[in-house]
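*Asks:* Attaching a predicted model along with its sequence, questions to come.
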Amino acid sequence: MKNVAIFASGSGTNAENIARYFSKSENVKVEVVLSNNKNVGVHARVNNLGIPSFVFSRAEFVEGTPILAKLAESQIDLI
């Protein structure tokens with residue numbers, strides 16, 4: 001099984017479509033969605049599918065450690 005992380009910053013239609021596409025796969029699972037904006041629709045869309053989302057700040061993105069920690073925690077294989 002390959003665990004996938006999706007980075008999103010908008011309404012989440014693409015993230016939702018990707019998650020739905022792989023929802024019945026035995027080989028791929030969308031494990032987490034990461035976003036730089038807490039006020040976008042992607043969070044509600046993927047949370048409704050049972051996929052957690054994580055918000056990071058610009059400083060966390062530049063520093064990198066919080067995002068890398070979340071990816072490691074979720075055992076992400078692909079972004």
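*Replies:* Thanks, I have it.

*Asks:* Now do the contacts for the residue nearest to Asn14 when sequence neighbours are not counted.
*Replies:* Counting by C-beta to C-beta, 6 or more residues apart in numbering, Asn14 lies nearest to Ala8, which is 7.1 Å off, once chain neighbours are set aside. All C-beta atoms are positioned from the backbone trio N, CA, C, and that covers glycine. Going by C-beta atoms under 8 Å, 6 or more residues apart in numbering, Ala8 touches Asn14, Ala15, Val33, Leu34, Ser35, Val40, Val42.

*Asks:* Name the helix or strand for the first one, please.
*Replies:* Under the criterion DSSP states H and E, the helix or strand holding Asn14 is helix 13-22.

*Asks:* quick one: the helix or strand just after that helix to chain centroid distance?
*Replies:* Downstream of helix 13-22, the next assigned helix or strand under DSSP H and E is strand 28-35. Average the C-alpha atoms of strand 28-35, do the same for its chain, and the two points are 3 Å apart (C-alpha atoms, centre = their mean, to the nearest Å).

*Asks:* burial count for Leu49?
*Replies:* By the measure other C-beta atoms under 10 Å, the count of residues near Leu49 is 13.

*Asks:* actually Val46, not the one I wrote
*Replies:* By the criterion of other C-beta under 10 Å, Val46 has 23 neighbours.

*Asks:* mind listing what it touches?
*Replies:* Contacts for Val46 (C-beta under 8 Å, 6+ apart) come out as Ile6, Gly12, Ala15, Glu16, Ala19, Val30, Val33, Pro52, Ser53.

*Asks:* list the contacts for the residue nearest the centre of the chain?
*Replies:* Against the mean C-alpha coordinate of the chain, by C-alpha atoms, centre = their mean, the closest residue is Val33 at 1.2 Å. The neighbours of Val33, taking C-beta under 8 Å, 6+ apart as the test, are 5-8, 12, 15, 19, 42-43, 46, 51-54.

*Asks:* How about Asn3?
*Replies:* Neighbouring residues of Asn3 by C-beta under 8 Å, 6+ apart: Lys29, Glu31, Ser74, Gln75, Ile76, Asp77, Leu78.

*Asks:* In the lowest-mean-pLDDT helix or strand in the chain, which residues are buried?
*Replies:* Within the chain, no helix or strand scores below helix 58-63, which has a mean of 92 by mean pLDDT, DSSP states H and E. Of all the residues in helix 58-63, those buried under the rule 16 or more other C-beta atoms under 10 Å are Glu60.
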